[in-house]
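Participant: just to be clear, the model below is a prediction. Sequence and coordinates:
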Number of protein chains: 2
Amino acid sequence: MFAIGEASKRSGVAIETIRYYEREGIVAKPARGDNGRRAYSEKEIGHLRFIKRCRDLGFTIKDAQALLSLGEQQDENCKIAHDMSKAHLESVREKIESLRQLEKALEELMGNCESGNVQCPLLESLHAD
Amino acid sequence: MFAIGEASKRSGVAIETIRYYEREGIVAKPARGDNGRRAYSEKEIGHLRFIKRCRDLGFTIKDAQALLSLGEQQDENCKIAHDMSKAHLESVREKIESLRQLEKALEELMGNCESGNVQCPLLESLHAD
DNA sequence: TATAAATGCTGTAGTGGCTACAGGATCAAG
DNA sequence: CTTGATCCTGTAGCCACTACAGCATTTATA
């Protein structure tokens, strides 16, 4: 069994975040030692790591929980996980696309902006009717 | 002068958001009619629209306020606005890049996942040590 | 003119996913 | 035996809204 600091190191999840996950019921409450301190099993640390990976991939906490609850086995669950990932991938692609448009808009805004102008075309166009 | 609903329509900022901006001191308090209702001038609506545009471009509220306070004139301010936009553009590009990596990681995760497996490789790799 | 629907008001709480304390208790190392 | 590291609970803050509740007033329709 491991103290919360060790669990944090091994899972990559910050200590405060681990306690937050517990408070919110995102992970199960760990056992407590005689001193009242949290004691984590390998398995529980594995769950934290799992959540961390999902979060790093941009899944919501809710999705991460759902994926975790699918366990590691079974065809059916594999399909569900695949579908969730696919949906998520699509939303990632949408985000990329909208950021690309943002990039383009910013580039255009800045392109007009040559020093030596009395009026700033960038600010002007933000102000336009 | 325009009621808040009209100001919302003309600026594109939701009514609740306009009141929120006022509460937070992001925009100045508008005049009030005899009935106690907010009354917006064209100029105030212009400010709301300005903030809206900045937000749509992904600037923070803080940045939007800074840009707004630069006014429309002067070389120096143009340079400041340009620099802020440049910094913001860089952060947009960073976001795009990290989403691209995410996309790639998700694609790889899903690529391994062929139906017919007893174990789901997607879930398995999320669970891996 | 009576009524119904729209619009406005204030105030408060919730969202997601943390992060950052304060103020204390306990533990491990030298 | 002291120092510093780690742990505990509880609460508040972050960002930028969004969503009510519960009421007052205004505008449109019958």
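Facilitator: In hand now; what should we look at?
Participant: what parts of chain A come near DNA strand C?
Facilitator: Contact residues, chain A versus DNA strand C (C-beta under 7 Å from any atom of the strand): A:Ala14, A:Glu16, A:Thr17, A:Tyr20, A:Asp34, A:Asn35, A:Gly36, A:Arg37, A:Arg55, A:Thr60, A:Ile61, A:Lys62. (Glycine included, C-beta is placed from N, CA and C.)
Participant: which of those residues fall in helices?
Facilitator: A:Glu16, A:Thr17, A:Tyr20, A:Arg55, A:Ile61, A:Lys62 (DSSP state H).
Participant: quick one, which of those are buried?
Facilitator: A:Thr17, A:Arg55 (16 or more other C-beta atoms under 10 Å in any protein chain shown).
Participant: of the ones in helices among the residues of chain A next to DNA strand C, just say which sits nearest to B:Leu126.
Facilitator: Of all these, A:Arg55 has the smallest distance to B:Leu126: 11.0 Å, by C-beta to C-beta.
Participant: now that closest one: how far from A:Gly12?
Facilitator: Using C-beta to C-beta, to the nearest Å, one gets 10 Å for the distance from A:Arg55 to A:Gly12.
Participant: now do A:Met1
Facilitator: 19 Å.
Participant: next one: A:Glu42
Facilitator: 15 Å.
Participant: find the nearest non-adjacent residue to the spatially most central residue of chain A, please.
Facilitator: Centroid-nearest residue in chain A: A:Arg55, 3.1 Å away (criterion: C-alpha atoms, centre = their mean). If the residues on either side of it in the chain are set aside, A:Arg55 comes closest to A:Ala64, at 6.3 Å by C-beta to C-beta, 6 or more residues apart in numbering or on different chains.
Participant: near DNA strand D, anything from the longest helix seen in chain A?
Facilitator: As assigned by DSSP H, the longest helix anywhere in chain A is helix A:75-111. No. Using C-beta under 7 Å from any atom of the strand, helix A:75-111 stays clear of DNA strand D, coming no nearer than 14.3 Å.
Participant: just to revisit the earlier point, more neighbours, A:Glu42 and A:Gly12?
Facilitator: A:Gly12 (15 against 12; other C-beta atoms under 10 Å in any protein chain shown).
Participant: tell me how far stretch A:19-38 is from the chain's mean position?
Facilitator: 21 Å (C-alpha atoms, centre = their mean, to the nearest Å).
Participant: buried stuff in it?
Facilitator: A:Tyr21, A:Ile26, A:Val27, A:Pro30, A:Arg38.
Participant: contacting residues for the last one?
Facilitator: The one in question is A:Arg38. A:Ala3, A:Ile4, A:Ala7, A:Glu22, A:Pro30, A:Ala31, A:Arg32 (C-beta atoms under 8 Å, 6 or more residues apart in numbering or on different chains).
Participant: am I right that the first one is in contact with A:Gly36?
Facilitator: No. Distance between A:Ala3 and A:Gly36: 11.8 Å, which falls outside the contact criterion (C-beta atoms under 8 Å).
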